[in-house]
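Novice: The amino acid sequence is not available; the structure is as follows:
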């Protein structure tokens with residue numbers, strides 16, 4: 001029985017030592033917690049001071065703008081907006097010029113097709129066609145400055161004579177293509 005009592009005393013002493021260590025750890029944690037709370041309060045005050053400084057600075061900048069605008073007779077925001085508008089317009093004009101040049105190149109390439117020359121037999125019609133190409137090119141440049149070309153460029157007839165002429169061109173092209181196909185078929189045999 002004495003041995004059991006001795007064992008219990010040893011266990012009790014070990015538990016007392018662990019309890020003392022836990023108490024020491026608890027005190028340390030409480031000190032650390034108090035330090036963190038104090039630092040947190042300091043950070044909150046610093047944040048509030050920074051917000052107040054930011055508001056003061058923004059008010060000072062606003063006052064400087066008002067003084068500059070009054071003394072110079074300028075509206076800085078309007079001036080800034082005007083500069084942005086001029087830059088945007090310059091970029092738009094460059095883009096329109098590129099588009100107009102591309103449209104002119106497409107029209108020039110389309111206007112000099114061999115099939116169109118075959119349909120127009122007289123020299124006066126050929127001269128009229130070349131002048132039409134020039135007029136169409138100029139019109140395309142003007143239109144390209146006003147509109148953005150999407151897709152392929154196609155002529156749209158607005159009168160019966162133009163519709164008949166285009167149908168004749170299509171018919172002759174089909175006839176010519178049919179004759180070429182027949183010749184190729186004969187050559188193969």
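Specialist: Great, that's in hand. As the structure is a prediction and not an experimental result, all values here were calculated from the model. Numbering: from 1, shown residues only.
Novice: what about residue 32, which helix or strand?
Specialist: For residue 32, the host element (DSSP states H and E) is helix 2-72.
Novice: How far does that helix sit from its chain's centre?
Specialist: With C-alpha atoms, centre = their mean, to the nearest Å as the basis, helix 2-72 stands 47 Å off its chain's centre.
Novice: name the helices or strands packed onto that helix?
Specialist: On a contact count with 3 or more C-beta pairs under 8 Å, 6 or more residues apart in numbering; DSSP states H and E, helix 2-72 meets helix 76-111. No exception for glycine: its C-beta is placed from N, CA and C like everyone else's.
Novice: what's the model's confidence in the helix it packs on, averaged?
Specialist: In this model, helix 76-111 has a mean pLDDT of 85.
Novice: which of the residues in that helix are buried?
Specialist: Using 16 or more other C-beta atoms under 10 Å as the test for burial, helix 76-111 gives 96, 99-100, 103-104, 107, 111.
Novice: Remind me what that helix packs against, helices and strands.
Specialist: Applying 3+ C-beta pairs under 8 Å, 6+ apart, one finds that helix 76-111 contacts helix 2-72, helix 123-146.
Novice: Looking at the ones you listed, which one is packed in the most?
Specialist: Burial of the helices and strands packed on helix 76-111 is given as mean neighbour count (mean count of other C-beta atoms under 10 Å); helix 123-146 ranks first at a mean of 14.
Novice: Now the element after it, going C-ward?
Specialist: helix 160-188.
Novice: how about that following helix: buried residues?
Specialist: Judged by neighbour count using 16+ other C-beta under 10 Å, the buried positions of helix 160-188 are residue 169.
Novice: hang on, the earlier thing: ranking the helices and strands packed on helix 76-111 by mean pLDDT, which is last?
Specialist: helix 123-146 (a mean of 53).
Novice: tell me the phi and psi of residue 75?
Specialist: phi -100, psi 110 (degrees, to the nearest 10).
Novice: re earlier: and the helices and strands packed on helix 76-111 as a markdown table, adding distance to residue 87?
Specialist: Formatted as a markdown table, the helices and strands packed on helix 76-111 follow (distance: least, C-beta to C-beta, whole Å):
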| stretch | distance to residue 87 |
| --- | --- |
| helix 2-72 | 22 |
| helix 123-146 | 19 |
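Novice: Between these, which one is closest to residue 162.
Specialist: Nearest to residue 162 among these is helix 123-146 (11.2 Å), distances taken as C-beta to C-beta.
Novice: how much space between residue 6 and residue 16?
Specialist: Using C-beta to C-beta, to the nearest Å, one gets 16 Å for the distance from residue 6 to residue 16.
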